[in-house]
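# Return atomic coordinates for the entry below.
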Amino acid sequence: MFDDLCALERVPGLFRLIPGSNYAMSRFTRRAVPPPAGHLSVMEDVTVKHHRGQDNQQALYDDLTGLPNRRLLAQQMVRALTSARESGHRAAILCLAIDRFQQGDDGHGQIAKDKCMKRIATMLTRRLRGMDLVVRTGEEEFTIVLGEIESVGAAGIVAKALVELFAIPLEVEQCPILLRASVGGAVYPDHGEREMQLWQGADTAMRRAKRDGGGRYHLAAQDTSTDVAENVELEDHIRTTLQEGGLRLHYQLQYHMNGQIRGVEALLRLPHPTLGYVSPDRFIPLAEASGLIHPLGKFVIKEACRQLMLWNKAGMTPVRIAINVSPLQLMRSEFAAEVQQAILESDVDPALLEIEITERVILNFDETAKRMTELAALGIRFAVDDFGTGYASLQHLHRLPISTLKIDRSFIQRLCESSRSYPIVKAIVELAHSLKMQVIAEGVEDEDQLQLLRELKCDCIQGFLLSRPLPPEEIKVFLSNQI
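Below is the predicted model of the structure:
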């Protein structure tokens, strides 16, 4: 059957063929054993399959890091953009380059450099979601595909988090090696609609970050100069409105299923002379990219606490206020102190404050967990907003002081129309209850949605069916009628 029967000695088993004979030698008896009469023996050289599998692995994955290579990247970019088109989400391509690798190589040798590359591959993979892809596309470069993200600002937050990974030296062979990284990003469909167009845009942005000194990130430029000019004008307007005290908070009521008011969510409103109130989806990413998110966030916290104090003085039934907080705010060491100062100035009960975070906070678990725990010790509650959109890490979810999950409105809007949304909402409700958390469904707009949420044993609802966001003087009417 084989030209060289001796080759079978490489295959582990109970028997091996004796060269030049029709007998097999038993491993245990060390004697020749004739083949059983009346039986047909079929043999296969498994080394062929083994080598074929190795060839496939090498064709798709990097030898050193084990990460996917360019072949898988092309497939995943197509898949991510297709999913984004179908779901109405965004997707992003990030290019990351190590700035100081040559210096590290000169000082520590190729072996140390290879170990660094393996460590970096592990760091990047652990920092991102399971649905994202990290690819080694060059000796010192990586490409990341982010699927189903919320906004351009979300891509910027991820890029910033990746840059900050390198703030701590890598320990290799008992020697700290300080590296820096430059990151460039491009978002579908804001910066392009084709895979290569986005990849080239991200690569160009990354190289611009390197030219600017490295250790930073840039996003691709918008397609038209008109968009850039509008962003510059809007950023100036945010800054001016903040300085002149023109920002406003509106409040949207949250209800228990029995009709009792659970609390209100504070929503920032940016008035504009020609655009009316600018959508938060429009100006919050700009604020995050420009650094204005910190004074904006500080204003929201102080104003919400002040409003709570006014309602208390007016004899209103105590009501919980939920405040949206950007991951960039939570990453600041001063954040917990700013919240405590606002509470002291307004003399309000910390238990009446609920901080809403997004799933993106999990990207910076180590930096944010301590501050969240510190604030939770005061009685402040935490809720995860837009839950189900992609960034939550279940291994960290139960380790953070989170008491509420808010189901993203996109699932609620399709609850009665899509057979896929119903099991997702059901799973989120069951997950939350298993972790002793409350569930709030956002974006409830009709009675059919409400009825299904009752059947699913959802705890609370929020949406236009019961209340639109209202200024504080109109919310006061509802609170006065609360028993």
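# Paired strands for the longest strand seen in the chain, with orientation please.
Determined from DSSP state E, the single longest strand within the chain is strand 261-272. In the sheet, strand 261-272 lines up against strand 248-256 (antiparallel), strand 276-278 (antiparallel), strand 320-324 (parallel) (DSSP bridges).
# need the next SSE after the last one, C-terminal direction.
In other words, strand 320-324. helix 327-330 (DSSP states H and E).
# Mind putting the strands paired with strand 261-272 into TSV with distance to Val264?
(Each C-beta comes from the backbone N, C-alpha and C, glycine too.) TSV is the format used below for the strands paired with strand 261-272 (distance: least, CB to CB, whole Å):
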stretch	distance to Val264
strand 248-256	4
strand 276-278	18
strand 320-324	6
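# Mean neighbour count, mean pLDDT and distance to Arg85 for those - can I get that in a markdown table?
A markdown table is the format used below for the strands paired with strand 261-272 (neighbours: other CB atoms under 10 Å; pLDDT from 0 to 100; distance: least, CB to CB, whole Å):
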| stretch | mean neighbour count | mean pLDDT | distance to Arg85 |
| --- | --- | --- | --- |
| strand 248-256 | 20 | 96 | 31 |
| strand 276-278 | 14 | 89 | 27 |
| strand 320-324 | 21 | 96 | 28 |
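# Identify all contacting residues around the helix or strand containing Leu73.
Element membership for Leu73, per DSSP H and E: helix 70-87. Residues from elsewhere that reach helix 70-87 (CB atoms under 8 Å, 6 or more residues apart in numbering): 59-61, 68, 89-91, 93, 133, 135, 137, 143, 145-148, 188-189, 193, 195, 198-199.
# buried stuff in that helix?
Buried residues in helix 70-87, counted by 16 or more other CB atoms under 10 Å: Leu72, Leu73, Gln76, Met77, Ala80, Leu81, Ala84.
# now, among those residues, which is nearest to Gly213?
Gly213 has its nearest neighbour among the buried residues of helix 70-87 in Leu73, at 27.7 Å by CB to CB.
# Which pLDDT value belongs to the closest one?
The model reports Leu73 with a pLDDT of 81.
# can you check Gly107 too?
With respect to pLDDT, Gly107 has a value of 49.
# going forward, begin numbering at 74 instead of 1
Understood, numbering begins at 74; the last thing we discussed is Gly180.
# where in this protein is pLDDT low?
Along the chain, the parts satisfying pLDDT under 70 run over 74-132, 173-183, 246-247, 295-302, 362, 433-440, 462-466, 468, 491, 555-556.
# so how far is stretch 189-207 from its chain's centroid?
In this view, stretch 189-207 has its centroid 13 Å away from the chain centroid, taken as CA atoms, centre = their mean, to the nearest Å.
# again with stretch 151-165
Distance, stretch centre to chain centre, for stretch 151-165: 15 Å (CA atoms, centre = their mean).
# With stretch 390-398 instead?
25 Å.
# out of the strands paired with strand 334-345, which comes closest to Glu520?
strand 321-329 (13.8 Å).
# in which helix or strand would I find Leu169?
Here Leu169 is assigned to strand 163-171, by DSSP H and E.
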